[in-house]
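Peer 1: Sequence below, structure please.
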Amino acid sequence: MAEYGKKLYDEKTSGFLYSGAIAAFLLVSLLFGTGLSVAGVTFPEGADYPDWYRYCAYLLPQAAIILTLVAFFVFVDVKPKQVCRGAKAGYFLLAIALQFGLFSLSRANESFISFLQEVFGYTVTSTGLPSLDGWNILPVILSVALLPAVVEETLFRGVMLLPMKKFSAPLAVLLSGVLFALYHQNPAQTIYQFCCGCAFALVAVRAGSVFPTMLSHFLNNAVIIVLTACGIGDFTGIGGIVFYTLSGISLAACLIFLLFIDKNGNEKKICSVRPFLFAAAAGIVACVLMWTVNLLAGMGVIA
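Peer 2: This next block holds a predicted model:
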């Protein structure tokens, strides 16, 4: 058990953070939905959402995490600099190479989506990005790429991951990936978000810092936004083969280095995972239920 500030900050607190973030998200969503109902704002089925609604859809989860982090830093009396330490420059370069490598997994995620479509009749639904015309791309990058990178990484690979490393690095990495994927409650992105969550956690464990993972997270979202703005949905032909081959090689090289060469953060298991899971259980159950609801909605079982 590590001590930060005036109070103990342990794995149970880390678990409660996850449940707290989910509770905050549900509360913020409820207030937003209630506000729309009171204002008489409705969207006919199949209607195109206005930009203000699309921005809200991306900003509400971040607002929930921010509220959770503020409560943590105030009531647990932990200073941000105690969980957001600096990192060596090499890890930032590694984070860039790793993110390039993670794009090779997009095909695996597409295969998972095809499985859902063929077996369950699942249809991918999304609020979509706000307008990317002209200078509109800048606020989209700020709200959809930069803000989530800073906020989500501070929670998942910062304050939550620090005590989790006492379960052993492999378990902490896998747990971080699972919780990260569940938090987004998006069946179509589950595989990719799990892989990204694990990769980011592994970098954070080795670097002892959340800043390289913020860079990876930002690049992931920003590149997708820029490609969408340019009308590029996928790389095909010879160019696609070259891109995905190089991406796969980059991913393999980064993982070999992180798993077998860099031994930083390989602490022995010194505590049980049960207190963490008990504290995080409410958030995990809520996320599983919402993930299931989204899956059923995509299958047309529920409206």
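
Peer 1: quick one: secondary structure of Phe231?
Peer 2: Just so we're on the same page, residue 231 is Gly rather than Phe. coil (DSSP: H, G, I helix; E, B strand; the rest coil).

Peer 1: Check Thr42 too.
Peer 2: Following three-state DSSP, we place Thr42 in the coil state.

Peer 1: What count of nearby residues applies to it?
Peer 2: Using other C-beta atoms under 10 Å, Thr42 is surrounded by 8 other residues. In short, each C-beta sits where N, CA and C put it, glycine included.

Peer 1: what about the closest residue to it other than its chain neighbours, distance to Ala207?
Peer 2: The shortest distance from Thr42 to any non-neighbouring residue, by C-beta to C-beta, 6 or more residues apart in numbering, is to Leu36 (7.7 Å). Distance of Leu36 to Ala207, computed by C-beta to C-beta, to the nearest Å: 42 Å.

Peer 1: do Asn294 as well
Peer 2: The spacing between Asn294 and Ala207, counted by C-beta to C-beta, is 33 Å.

Peer 1: Repeat that for Pro170.
Peer 2: As judged by C-beta to C-beta, Pro170 and Ala207 stand 17 Å apart.

Peer 1: Counting neighbours, go ahead and name the busier of those two.
Peer 2: Neighbours were counted for Pro170 and for Ala207 using other C-beta under 10 Å; Ala207 has more, 25 against 14.

Peer 1: what's in contact with stretch 220-234?
Peer 2: Contact with stretch 220-234 is made by 99, 102-103, 106, 129, 132, 137, 140-141, 144-146, 148-149, 196, 240, as judged by C-beta atoms under 8 Å, 6 or more residues apart in numbering.

Peer 1: Kindly tell me how buried Gln117 is, as a neighbour count.
Peer 2: 15.

Peer 1: again with Gly35
Peer 2: So Gly35, with other C-beta under 10 Å, has 10 neighbours.

Peer 1: pLDDT value on it, please?
Peer 2: pLDDT recorded at Gly35 is 95.

Peer 1: mind checking how far it is from Phe211?
Peer 2: Using C-beta to C-beta, we find Gly35 at a distance of 35 Å from Phe211.

Peer 1: Please list all residues in contact with Ala95.
Peer 2: The contact partners of Ala95, taken as C-beta under 8 Å, 6+ apart, are Val203, Pro212, Thr213, Leu215, Ser216.

Peer 1: my read is the residue nearest to Thr42 is in a helix, agree?
Peer 2: Yes: if the criterion is three-state DSSP, then Leu36 is within a helix.

Peer 1: so where is the stretch 201-303 of the chain shaky, pLDDT-wise?
Peer 2: By pLDDT under 70, the low-scoring segments of the stretch 201-303 of the chain are 303.

Peer 1: all helices for it, in order.
Peer 2: 211-229, 237-256, 274-298 (DSSP state H, counting those that start in this stretch).

Peer 1: Tell me which of those sits nearest to Val28.
Peer 2: Closest of those to Val28 is helix 274-298, at 13.6 Å (criterion: C-beta to C-beta).

Peer 1: what's the closest of the contacts of stretch 220-234 to Phe43?
Peer 2: Nearest to Phe43 out of those is Leu129 (C-beta to C-beta; 16.7 Å).

Peer 1: In CSV: the helices of the stretch 201-303 of the chain, plus mean neighbour count.
Peer 2: Shown next, in CSV, are the helices of the stretch 201-303 of the chain (neighbours: other C-beta atoms under 10 Å):
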stretch, mean neighbour count
helix 211-229, 20
helix 237-256, 14
helix 274-298, 17
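
Peer 1: which ones are touching the residue nearest the centre of the chain?
Peer 2: What sits nearest the mean C-alpha location of the chain, by C-alpha atoms, centre = their mean, is Phe180, with 4.9 Å. Neighbour list for Phe180: Glu152, Phe156, Gln193, Phe194, Cys196, Gly197, Phe200 [criterion: C-beta under 8 Å, 6+ apart].

Peer 1: pretty sure the last one contacts Phe156?
Peer 2: Yes: taking C-beta atoms under 8 Å as the contact criterion, Phe200 and Phe156 are neighbours in contact, 7.5 Å apart.

Peer 1: Overlap in contacts, the two.
Peer 2: With C-beta under 8 Å, 6+ apart as the test, Phe200 and Phe156 both reach Ser176, Phe180.

Peer 1: and the host helix or strand of Val70 with helix 211-229, angle?
Peer 2: Here Val70 sits within helix 51-75, counting by DSSP states H and E. Calculated by axes from the mean of the first three to the mean of the last three C-alpha atoms, to 10 degrees, helix 51-75 forms an angle of 170 degrees with helix 211-229.
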